[in-house]
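In: what's the 3D shape of this:
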Amino acid sequence: MKFLVPVVIGAVIGYITNWLAIKMLFRPYEEKRIFGIKIPFTPGLIPKERFRIARSVGETVGTHLLSSDMLAEALQSEGVNKHIRVWIHEKIASIKESNLTIEEQLKKVSGDDYEKIRALVNDKTSDYIYNLLKKEEFQRLLSENLKGSFENSYDEFLKGDKLSHLKDKISDFIGETTSSGNLSEKIEMVILDKVKDLELDERNINEVIPSVVINTAKVYIYNHSGEITEAIKDIMNQEESQLKFKNAVINLIELNFGKMISMFMNPEMIASKILVFAENYLAKEENQKNISVMLINSMDKLLNKKICDVVSSIPYETKSQVVSEIKNFIVNYLNDKSMRVMLINSIEDKIREKDVVIKGAVSEIIDRKVIEVINSEKTGIEIKNLTEKGINVLLNKPSAIVFEKLETPIGNRLVNVLRDNVFSLINKKSTDIIELLDIPKIVEDRINSFDVEFAEKLILDIASKELRAITWLGALLGGIIGIITPLLQF
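Out: The predicted structure is shown next:
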C-alpha cells in the first residue's frame, strides 16, 4: 500500500498534466481576463501564434516540399506529357463527333464570359489587321502592285485588239448619237451655258489668252503686213464691196450736202477716186507697217476689255447665229466617219505621246489614294465590320466540319504545332508560372483562413493516436516517479 498510492497518484498527475498541456495548445481560442487582468497562457499556443505558424508552414512547404523546381520537373515528366497528348486528341475527337457549331462549343467553354471574349477577339483582330494595313511597308507593296497591274493592263490595252475594238465602238456611238438629234441639242445647250458664263466673266480678255499666244499674234501681224494689206485690197476690189462703198458715199453726200447738191455730183466717180487713193496708199510699205501697228493697237484695246462687256455687246441674234453655226460645225464634223476616225486617232496619238506622263500621274494618284483610303476612319470601321462578319461566318460553321480538315497533313501539322507549343510553354515557362503562383503565400493564406476549432480538429484527427500515447506516457512517467520516491526515502 505504501508503494501503490504514490504510483497511482503520480500516474494520475502525469496523465492530467500531459492531457492539460495538449489542450492548452488550442484552448482557449481567445484571450481571457479577470477584472481586467490577463490570465496567463491565454489564448492557447496555436491560436496565439497561428499567423507565425502559417507563415513558417508556408515557407517550409514552398521551399522544401513544393518548390518551383520540383513542380516544374513534375510538369515536364513523361507522364504529364503523355496525358496532355491524350487530352488534345480526345478533345479533337469529341469536337469532330459533335453536331454543335464553333460558337456553341466556345459558349460551353467560356460560359457567361463568351460575349466579352468574342468582342475582345473581334476588336483585337480588327486592330491587328488595321495596324498591319497602316504600316508603311504594306502601303508601299500595295501601291507597287496596283501600279504594276495598271501599267501591264495599260500597255496590253494599247498593244492589243481591245483598243481598235474600243475605237470602233466609240466611233459608232458618236455617229448614232449625232444622228439621233439628242447630241445636237446637248451641244447647243453646252455652248449656250458657256456663253452665259462668259457674260458674267469679269476677267479681261488678256487674262484668259496666254501671253505667248498674244505676242505671237502681234509678231505675225507686224511681219505679215504686206499680206494683210493685200487681203484688204482684195476685199476692196470685190464687186459687192465696191457697191456697198459707193452706196455709203452716196448716203454720206446726201446726209451732209442734201439731195439738191448731190444731183450735181457724181458719187460713183468720187467713190472710184477714193478706192484708187486707198489702193495707192496701201501699196506703200510704210503705210502697210502703219496699218499693222494700228491693228496691233486695236487688238490691245480689245484685249484690255472685260469678257462680259465684249460678249454682252454682241446682239442676241448674232450670238444665236454663232452658236448655231458652231453647233452645226461640230455635228457635221462628228457625222463624218472619216473625221471621227481622225479625231479618235488624234486622241490616241496624244495618249501615246503622253505615255510616261499618264503613268506618272496615275502612279501619284495611286500612292495618294492608298494613303488616304487606308488611313481614313471609314476604312477602320469597314475593317471592323468585315472582321466581325468573317468571325460570324466561322463561328456558325459546324465544329465537326472545321476539325475534319485536321485529318489532312496540314491539319496534323497544326495539331503537332499546338502540342509542341503547349510542351514548350511548360518547359520554358513552368518555373516562372509556379513562382508567380507563390506557393508559400497560398499555403499561408489557406491556413489563416481556417478557424482555430477546425485546425484543432484537423490536427487531432491526424495525430490522435500519437497524442493519446503522449498522454499515457505522462501517466507512465508519473507512476515511475511515484515508485522511485518511496525508494529514495529508505
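In: state the pLDDT value of residue 409.
Out: We have a pLDDT of 62 for residue 409.
In: now swap in the one 4 residues further on and tell me
Out: Looking at residue 413, its pLDDT reads 66.
In: what segments of this structure are strands?
Out: For the chain, applying DSSP state E gives strands covering 33-34, 37-38.
In: now those strands in a markdown table, with distance to residue 221?
Out: C-beta: built from backbone N, CA, C; applies to glycine. Converted to a markdown table, the strands of the chain look like this (distance: least, Cβ to Cβ, whole Å):
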| stretch | distance to residue 221 |
| --- | --- |
| strand 33-34 | 129 |
| strand 37-38 | 129 |
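In: which of the ones you listed sits closest to residue 356?
Out: Nearest to residue 356 among those is strand 37-38 (102.7 Å), distances taken as Cβ to Cβ.
In: paired strands for that closest one, with orientation please.
Out: Paired with strand 37-38 in the same sheet, following DSSP bridges, are strand 33-34 (antiparallel).
In: need the residues that contact the partner strand.
Out: For strand 33-34, the external contacting residues (Cβ atoms under 8 Å, 6 or more residues apart in numbering) are residue 39.
In: could you do stretch 156-169 as well?
Out: 341, 344, 345, 348, 351, 352, 355.
In: with stretch 199-210 instead?
Out: Residues outside stretch 199-210 that contact it (Cβ under 8 Å, 6+ apart): 214, 302, 303, 304, 305, 306, 307, 308, 310, 311, 312.
In: ok, stretch 353-366 next?
Out: The contact list for stretch 353-366, computed with Cβ under 8 Å, 6+ apart, reads 143, 146, 147, 150, 151, 154, 158, 351.
In: and that stretch, C-alpha only, in CSV?
Out: The C-alpha trace of stretch 353-366 is given here as CSV (Å, rounded to 0.1, in the frame of the first residue of the first chain):
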residue,chain,number,x,y,z
GLU,A,353,2.8,60.7,-126.7
LYS,A,354,1.9,61.3,-123.1
ASP,A,355,2.5,57.6,-122.1
VAL,A,356,5.1,58.4,-119.4
VAL,A,357,3.2,61.4,-118.1
ILE,A,358,0.0,59.4,-117.8
LYS,A,359,1.7,56.6,-116.0
GLY,A,360,3.4,59.0,-113.7
ALA,A,361,0.1,60.8,-112.9
VAL,A,362,-1.7,57.6,-112.3
SER,A,363,1.2,56.4,-110.1
GLU,A,364,0.9,59.6,-108.0
ILE,A,365,-2.9,59.2,-107.7
ILE,A,366,-2.5,55.6,-106.6
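In: ok, and for that stretch, which residues are buried?
Out: Going by neighbour count (16 or more other Cβ atoms under 10 Å), the buried part of stretch 353-366 is 363, 366.
In: longest helix of the protein, counting residues only.
Out: As assigned by DSSP state H, the longest helix anywhere in the chain is helix 452-489.
In: give the buried residues for it.
Out: For helix 452-489, by 16+ other Cβ under 10 Å, it's 452, 455, 456, 467, 471, 474, 475, 477, 478, 479, 481, 482.
In: how about stretch 103-110?
Out: Neighbour-count burial for stretch 103-110 flags 103, 105, 106, 107 (criterion: 16+ other Cβ under 10 Å).
In: coming back round to it: now the strands of the chain in JSON lines, with mean neighbour count, distance to residue 270 and mean pLDDT?
Out: Compiled in JSON lines, the strands of the chain are given as follows (neighbours: other Cβ atoms under 10 Å; distance: least, Cβ to Cβ, whole Å; pLDDT from 0 to 100):
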{"stretch": "strand 33-34", "mean neighbour count": "8", "distance to residue 270": "154", "mean pLDDT": "79"}
{"stretch": "strand 37-38", "mean neighbour count": "9", "distance to residue 270": "154", "mean pLDDT": "76"}
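In: hang on, the earlier thing: tell me the one of the buried residues of helix 452-489 nearest residue 241?
Out: residue 455 (134.6 Å).
In: just to revisit the earlier point, what's the longest helix of the chain packed up against?
Out: The contact analysis (3 or more Cβ pairs under 8 Å, 6 or more residues apart in numbering; DSSP states H and E) places helix 452-489 against helix 4-24, helix 45-48.
In: switch to 10 Å and redo it
Out: Applying 3 or more Cβ pairs under 10 Å, 6 or more residues apart in numbering; DSSP states H and E, we find helix 452-489 packed against helix 4-24, helix 45-48, helix 50-60, helix 439-449.
In: what about the helices in the stretch 101-250 of the chain?
Out: For the stretch 101-250 of the chain, applying DSSP state H, counting those that start in this stretch gives helices covering 102-110, 114-133, 136-159, 161-180, 182-199, 205-208, 211-223, 225-237, 239-262.
In: would CSV of the ones you listed with mean pLDDT and distance to residue 334 be doable?
Out: Listed next are the helices of the stretch 101-250 of the chain as CSV, based on pLDDT from 0 to 100; distance: least, Cβ to Cβ, whole Å:
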stretch, mean pLDDT, distance to residue 334
helix 102-110, 78, 63
helix 114-133, 86, 47
helix 136-159, 83, 24
helix 161-180, 71, 5
helix 182-199, 80, 7
helix 205-208, 82, 26
helix 211-223, 84, 27
helix 225-237, 80, 32
helix 239-262, 66, 33
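In: closest one to residue 396 among these?
Out: Nearest to residue 396 among the helices of the stretch 101-250 of the chain is helix 102-110 (6.4 Å), distances taken as Cβ to Cβ.
In: what about the closest one, distance to the chain center?
Out: How far helix 102-110 lies from its chain's middle: 30 Å, per Cα atoms, centre = their mean, to the nearest Å.
In: and the contacts of that helix?
Out: By Cβ atoms under 10 Å, 6 or more residues apart in numbering, the residues outside helix 102-110 that reach it are 94-95, 98, 100-101, 113-118, 121, 391-392, 394-403.
In: at 7 Å what do you get?
Out: The contact list for helix 102-110 (Cβ atoms under 7 Å, 6 or more residues apart in numbering) reads 95, 114, 117, 394, 395, 396, 397, 399, 402.
In: just give the nearest non-adjacent residue to the fifth one, would you?
Out: If I follow you right, that is residue 395. Using Cβ to Cβ, 6 or more residues apart in numbering and skipping residues adjacent in sequence, the residue nearest residue 395 is residue 103, 3.9 Å away.
In: same question, residue 123
Out: Closest to residue 123 by Cβ to Cβ, 6+ apart is residue 384, at 7.7 Å.
In: got the helices and strands packed on helix 452-489 as JSON lines, with mean pLDDT, distance to residue 202 and mean neighbour count columns?
Out: Listed next are the helices and strands packed on helix 452-489 as JSON lines, based on pLDDT from 0 to 100; distance: least, Cβ to Cβ, whole Å; neighbours: other Cβ atoms under 10 Å:
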{"stretch": "helix 4-24", "mean pLDDT": "81", "distance to residue 202": "113", "mean neighbour count": "16"}
{"stretch": "helix 45-48", "mean pLDDT": "73", "distance to residue 202": "103", "mean neighbour count": "17"}
{"stretch": "helix 50-60", "mean pLDDT": "78", "distance to residue 202": "93", "mean neighbour count": "16"}
{"stretch": "helix 439-449", "mean pLDDT": "77", "distance to residue 202": "86", "mean neighbour count": "16"}
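In: could you find the closest non-adjacent residue to residue 187?
Out: Among residues not flanking residue 187 along the chain, residue 327 sits closest, at 5.0 Å (Cβ to Cβ, 6+ apart).
In: do I have it right that that neighbour meets residue 189?
Out: No - in this structure residue 327 lies outside contact range of residue 189 using Cβ atoms under 7 Å: 9.6 Å.
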